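*Asks:* give me coordinates for this.
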Amino acid sequence: MPILTIDGKKVEAGEGDTILLAAGKAGIYIPTLCNLPQLPPFGGCRMCLVKVDGMKKYVPSCATPVRDGMVVHTNIEELNRLRRNILELILSEHPSACIVCSDREECFKYHREPTKAGRITGCRFCPVRDECELYEVAKYLGIDEIRVPVEYRNMQLKRDEPFIERDYDMCILCGRCVRTCDEIRGVHAIDFTHRGHETVIGTSFDEPLIESGCIFCGACVDVCPTGALSEKRTKWGGTADNTVQTTCALCPVSCSLDIEVKWDSIIKSLPSVGEESGLCVKGRFTVPILVDHPDRLRYPMIREDGVLKPVSWDEAIEYAAGKLKSYRPEEVAFIITPWMTNEGAYAAQKTARAMGTDNMGIASVMAAPSMDVFFGSAHLKKGNIADIENADAVIIAGTDLNLSAPVLLAHIYRAKKKGAKVAVVDNHARKLPLYIDMSVSPENYLSFFGEVAEAVKKGGEAKKATEATRLAGMMDGKVCIIFGDGIFSGGGGKEVLAVLSDIALSLDATLLPAWDGGNTQGVMDAGCMTGWLPGCRPLSDEDARKRIGKFFGAELPDRGSNPIYDCTGIKAMYLTQPVTGVPENVEFLILQDVYQSELADMADVIFPAAAFTEEEGTVTALDGSIKPIARCTAPADMSMEDWAIFSRLSSAMGHDFGYRNAGDILKEMKLCMTADTGRGAEKETGEGVYNPVISIPRGELCYRGTEIGGKVEDFAEILKVWGYHD
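*Replies:* Got it, this is the predicted structure:
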């Protein structure tokens, strides 16, 4: 390991470390404005220049590798004088009165929050004033005046786009946003435009971001060291009272979030430290709006004389329990949302089986057909996200990752930069990545992948070149197959997945599901399926396992409207998200949900559920890893966590599980659940048995069955421009 001397201190560096990285590890500060650890060296700001003995010129520490015996000087006056000159030139075109003001600290003491203004003209009007890297460097260098002429550029303020504002008077051309968009996300939506003094960061032909290919992941906002890029809705939220780390439940990638909270309300959602791939548009921008939306269900209600009336929890629970006990077990059905926590889902199925019913299903297109593959094959190689980055070929089948699992695209792009080949097989994809090698829109997934499987078995040899044989030829080395709900459209979805699993087994490839719900995997693991129970023997009594109702999975005609369940003989239904097509034979309807909906107007009982940022528990990511859910704020008004609602209802029906918190449930789950915990439900096709009537919306556009675009206008605008909504 190379050993060098930095400012008289012996420092042991790693192989390939730069001077800046080695100094940082040793606790030695070197100012920089353009460097980011997750990006290649850029050397644009010149703040990190250092003097190295034996070198005639100053060198950028961010781009200079260490060598054994090197002697480095970082904090000498001749260097700082040069840095001050450079920074003063930068500040001459940047609103900087507050940066050099001698009264700044006193001013900030009494003006705790930024002053809202349309245009940023100084630190008091800047939403990032408390975390301004430009000020930190100026303070380190002791800049108290700007000795060159100040020129205010008065550039156009761009405020008319979804989620993001651009104030280029604040831009210092560090290039972080450009390089993050290029090197990490692979989108290339922005770049340096014009030349010389006219250089700005913008889009091709100055078109709007929404037309430039931007995916609105917010990564550019997160790396901006000034207020040039900011979040429209939360930029004036002020300084958070506290920050809570939790997991995003909006998609199955389950990214780690830092939720900033002020006055018990969420003001911002950010990627946690270590989430180098950042977040997607849903996790980065929609969370505060979704959680604090005026359409939240806030009070328990029961229907009296045809009118829903707010009541206490005790009244609502007792009323619902009394009604449910009036039905035979086989007349009661539960539909569990795939956005519920593991603990909520476990409590749900335990409640159902304690009642003696096995009429239970998940509001997911993918869950039932995937059971045999993911729980019945001991040899299938279930992958993880690291497998994507290390793959030689990535196959995306039947899913538009821009919606279902957007952050996976960043991992796929990393694999691409290492030389991997990328193919998309999807007849619904509308916004394809720029870097794909092959795109196929098959008329029939089963026949297409059947041909691929045959070509794979023949080692890629084929009499004629077809799209299927070309795809098989790409599957060389380490292969990762990502599939989604699209393969279940048009019938035969279970068979398509079986073929994909055969291909994966033949190639020793990994298979990753882009589930159509934030916690579909976890809800499946918890046993929320007909004829399938966790491995804790009977959860209620032995007879409960034998009372199998007519509640069967079905193939789906399309991805827009997804009929999934037969409700013949069902008279009471317990729903945990909106669905459409509730049959007339259902006499009693309970809705446990987060938002007002058309279904709420039909319900006989409403239980307001807490949002995922208001509860504790866990979710299971698409790679099978368990991620923690932390309570960031108190539940809205009288809303309650799902597990607590089911626990209270069970107690009212004479089945006290004794749960005090989500941790108690997780302990029981760990004791009860085994690696191979069950089996898939078999679909009966006898006359009068299968009659699909209930439909669910596409999961990638929803949270708990409610379309995100219906709650977040900017998200709806993006979907419309991208062509997902008319």
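*Asks:* so residue 643 touches residue 344, yeah?
*Replies:* Yes - taking contacts as Cβ atoms under 8 Å, residue 643 lies within contact range of residue 344: 4.6 Å. C-beta here means a position set from N, CA and C on the backbone, and glycine is covered the same way.
*Asks:* where does residue 243 land in three-state SS?
*Replies:* Three-state call for residue 243 (DSSP: H, G, I helix; E, B strand; the rest coil): strand.
*Asks:* ok, now residue 334?
*Replies:* Criterion first, three-state DSSP; result for residue 334: strand.
*Asks:* my guess is it contacts residue 357. True?
*Replies:* Yes - using Cβ under 8 Å, residue 334 is in contact with residue 357, at 7.5 Å.
*Asks:* where do the strands sit along the stretch 351-500 of the chain?
*Replies:* In the stretch 351-500 of the chain, the strands defined using DSSP state E, counting those that start in this stretch lie at 360-362, 393-397, 421-425, 438-440, 479-483.
*Asks:* right, so of those strands, which gets closest to residue 177?
*Replies:* Evaluated over the strands of the stretch 351-500 of the chain, closeness to residue 177 peaks at strand 421-425, with 24.5 Å, by Cβ to Cβ.
*Asks:* run the chain-centre distance for that closest one.
*Replies:* Mean C-alpha position of strand 421-425 versus that of the full chain (Cα atoms, centre = their mean, to the nearest Å) differs by 22 Å.
*Asks:* in terms of secondary structure, what does that strand contact?
*Replies:* In terms of contacts (3 or more Cβ pairs under 8 Å, 6 or more residues apart in numbering; DSSP states H and E), strand 421-425 is packed against strand 393-397, helix 407-417, strand 438-440, helix 445-457, helix 467-474.
*Asks:* avg pLDDT for it?
*Replies:* Mean pLDDT, computed over strand 421-425, is 97.
*Asks:* not counting that strand itself, show me its contacts.
*Replies:* For strand 421-425, contacts defined as Cβ atoms under 8 Å, 6 or more residues apart in numbering pick out 392-398, 412, 415-416, 432-433, 435-442, 445, 448-449, 471, 474.
*Asks:* next, residue 261: secondary structure please.
*Replies:* Classified using three-state DSSP, residue 261 is strand.
*Asks:* and for it, the neighbour number?
*Replies:* Look at residue 261: counted by other Cβ atoms under 10 Å, it has 18 neighbours.
*Asks:* could you number the chain from 41 rather than 1 from now on?
*Replies:* I'll keep to 41 as the first residue from here, and by that count the last item is residue 301.
*Asks:* list the contacts of it.
*Replies:* Applying Cβ under 8 Å, 6+ apart to residue 301 gives the contacts 280-284, 307, 672-673.
*Asks:* top of the residues you listed by neighbour count?
*Replies:* Greatest neighbour count in these, by other Cβ under 10 Å, goes to residue 672: 26 neighbours.
*Asks:* that residue: helix or strand, and which one exactly?
*Replies:* Residue 672 belongs to no helix or strand when assigned by DSSP states H and E.
*Asks:* measure it to residue 658 for me?
*Replies:* Using Cβ to Cβ, to the nearest Å, one gets 15 Å for the distance from residue 672 to residue 658.
*Asks:* now swap in residue 58 and tell me
*Replies:* Per Cβ to Cβ, residue 58 is found 39 Å from residue 658.
*Asks:* how about residue 565?
*Replies:* For residue 565 relative to residue 658 (Cβ to Cβ), the value is 10 Å.
*Asks:* so residue 544 belongs to a strand, correct?
*Replies:* No - judged by three-state DSSP, residue 544 forms no part of a strand; its state is helix.
*Asks:* give me the neighbour count for it.
*Replies:* Neighbour count of residue 544, defined by other Cβ under 10 Å: 27.
*Asks:* so the closest residue to it other than its chain neighbours, which state does it fall into?
*Replies:* Closest residue to residue 544 apart from its sequence neighbours, by Cβ to Cβ, 6 or more residues apart in numbering: residue 551 at 4.6 Å. Per three-state DSSP, the local secondary structure of residue 551 is strand.
*Asks:* what's near enough to touch residue 197?
*Replies:* Contacts for residue 197 (Cβ under 8 Å, 6+ apart) come out as 158-159, 205-207, 209.
*Asks:* list the contacts of residue 105.
*Replies:* Residues near residue 105 by Cβ under 8 Å, 6+ apart: 56-59.
*Asks:* among those, which two are most distant?
*Replies:* Top of the distance list for those (Cβ to Cβ): 56 and 59, 12.0 Å.
*Asks:* ok, the two, which is more surrounded?
*Replies:* Taking neighbours as other Cβ under 10 Å, residue 56 and residue 59 compare with residue 59 leading, 28 against 9.
*Asks:* wait, is residue 308 part of a strand?
*Replies:* Yes - under three-state DSSP, residue 308 falls within a strand.
*Asks:* tell me what it is bridged to.
*Replies:* Residue 308 forms beta bridges with residue 300, as assigned by DSSP bridges.
*Asks:* burial count for it?
*Replies:* 21.
*Asks:* what residues do residue 683 and residue 384 have in common as contacts?
*Replies:* residue 657.
*Asks:* neighbour count winner among the two?
*Replies:* Each of residue 683 and residue 384 has its neighbours counted (other Cβ under 10 Å); residue 384 has more, 34 against 30.
*Asks:* please report the distance of the more buried one from residue 609.
*Replies:* Computed as Cβ to Cβ, the residue 384 to residue 609 distance reads 27 Å.
*Asks:* residue 289 too?
*Replies:* Residue 289 sits at a distance of 33 Å from residue 609 (criterion: Cβ to Cβ).
*Asks:* and the two? Which one has more around it.
*Replies:* Each of residue 289 and residue 609 has its neighbours counted (other Cβ under 10 Å); residue 289 has more, 29 against 16.
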